[in-house]
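>>> Predicted model and sequence follow; I will ask about them next.
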Amino acid sequence: MEKLFGGIEAGGTKFVCSVGNNDLEIIERASYPTTTPEETMALVIGFFKKYEEQLVSIGIGSFGPIDIHRDSRTYGYITSTPKLAWQNYDFVGTMKQHFDLPMAWTTDVNAACYGEYVKGRGDGVNSVVYYTIGTGIGGGALQKGNFVEGFSHPEMGHVLVSRHPEDDFEGVCPFHGHCLEGMAAGPAIEKRLGRKGQDLSEDDPFWEIEADYIAQCAYNTTLMFSPDVIIFGGGVMQQEHLVKKVRARFKELVNDYVKTPALEEYIVTPALGNNAGTIGCLALAREAKLHS
């Protein structure tokens, strides 16, 4: 009987559950809405129960903030999330009650970063930074296969950006106002313009403003981490023209101060598309089994 790995990409809108083989090929995948822990986790557990005899480990990438410290009393918890039903929820503990298996636990954006590292744009390089730009903005960084983290995981989506001269929007972040997420995430676009980004034409002047904020993010990332590649995923980046505008603005901002790899290979969108998180969770599960 083939051994299988499980993956849970726990997002703020939906949970994507998957099982895959050693080659990270997806055998089955299912998506469930993120409602309450009682409702959503019952569906998640039911999904994996079908594969109980074959499952050898599970990788979990969750929305956060989460507790990543193994020696902490609340390791494996979702902590101070704005989603009230999920505050201080023992995610890993709940899964362990049903499946006595090795489990990997990290943020959803770290999982996507790991997916691209093992099977996407980061394959074959040492240092990868991944941002998701969608309903929120989050970032994850890998250095030689290890996540960059300290007392907690990074919150790169909340770095401060300089306001574009033609933008008087106050920002939507309740904590920081004009941070990157507050200015450039999907809800910021919609609140500013009254329309979703996907409904704007390619030549809408707003895209220059959006590209400016994302280019500032790439600029800061470059000077802090000097990664081999910066990957921008998420719904907002599903505009093919946007990454080109980001590269052009990034070039202006850097102003030849540092020499980066060729921009077409340095500032990119995910090779795995929307599968980055799923593949990442399965790859983390495979890694967890290896070190168990």
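Received the coordinates, thanks. Residues are numbered from 1 along each chain as shown.
>>> Now do the same contact list for the closest residue in space to residue 76 that isn't next to it in sequence.
Nearest non-adjacent residue to residue 76, counting by CB to CB, 6 or more residues apart in numbering: residue 92, 2.8 Å away. Any C-beta I mention is one placed from the backbone N, CA and C, and that applies to glycine too. Each residue near residue 92 by CB atoms under 8 Å, 6 or more residues apart in numbering is listed here: 60, 75, 76, 77, 103, 105.
>>> for residue 207, same thing?
Residues 200, 239, 241, 242, 245 are the ones in contact with residue 207 under the rule CB under 8 Å, 6+ apart.
>>> how close does the nearest residue to the first one once chain neighbours are set aside get to residue 179?
Put plainly, it is residue 200. Nearest-residue entry for residue 200: residue 206, 6.2 Å, with adjacent residues in sequence omitted and distances by CB to CB, 6+ apart. Per CB to CB, to the nearest Å, residue 206 is found 19 Å from residue 179.
>>> cool, residue 90 as well?
In this structure, residue 90 and residue 179 are 29 Å apart, going by CB to CB.
>>> Have a look at these two and say which one is more surrounded.
residue 179 (22 against 16; other CB atoms under 10 Å).
>>> Now do the same contact list for that one.
Residue 179 makes contact with 157, 158, 159, 160, 161, 171, 173, according to CB under 8 Å, 6+ apart.
>>> That one and residue 39: what is the separation?
With distances taken as CB to CB, residue 179 is found 32 Å from residue 39.
>>> Residue 164 now?
Using CB to CB, we find residue 164 at a distance of 41 Å from residue 39.
>>> report the longest helix in the protein, please.
As assigned by DSSP state H, the longest helix anywhere in the chain is helix 206-225.
>>> buried stuff in that helix?
In terms of neighbour count (16 or more other CB atoms under 10 Å), helix 206-225 has its buried residues at 206-207, 209-222.
>>> Can you give me the end-to-end span of stretch 15-28?
Start to finish, the residues bounding stretch 15-28 are 14 Å apart (CA to CA, to the nearest Å).
>>> buried ones in that stretch?
Buried residues in stretch 15-28, counting neighbours by 16+ other CB under 10 Å, are found at 15, 16, 17, 18, 19, 20, 24.
>>> One more: stretch 241-257?
When neighbours are counted by 16+ other CB under 10 Å, the buried residues of stretch 241-257 are found to be 242, 243, 245, 246, 247, 249, 250, 254.
>>> Return the member of the residues you listed nearest to residue 263.
Looking at those and their distance to residue 263, the nearest is residue 247, at 4.4 Å (CB to CB).
>>> Using the three-state scheme, assign the closest one.
Secondary structure state of residue 247, per DSSP: H, G, I helix; E, B strand; the rest coil, is helix.
>>> Distance of it relative to residue 266?
Distance of residue 247 to residue 266, given as CB to CB: 8 Å.
>>> do the same with residue 134
Taking CB to CB as the measure, residue 134 and residue 266 are separated by 22 Å.
>>> More neighbours: which of those two?
When residue 134 and residue 266 are compared on other CB under 10 Å, the one with more neighbours turns out to be residue 134, at 20 against 17.
>>> domain assignment for this protein?
4-111+274-290, 124-269 (automatic domain parsing).
>>> tell me how far the ends of the last one are from each other?
Taking CA to CA, domain 124-269 runs 17 Å from one end to the other.
>>> Could you do the first one as well?
Terminal residues of domain 4-111+274-290 lie 13 Å apart, using CA to CA.
>>> picking up where we left off before, how far off centre is the longest helix of the chain?
With CA atoms, centre = their mean, to the nearest Å as the basis, helix 206-225 stands 17 Å off its chain's centre.
>>> what's the next secondary structure element after it?
Per DSSP states H and E, helix 206-225 leads on to strand 229-233 as the next helix or strand towards the C-terminus.
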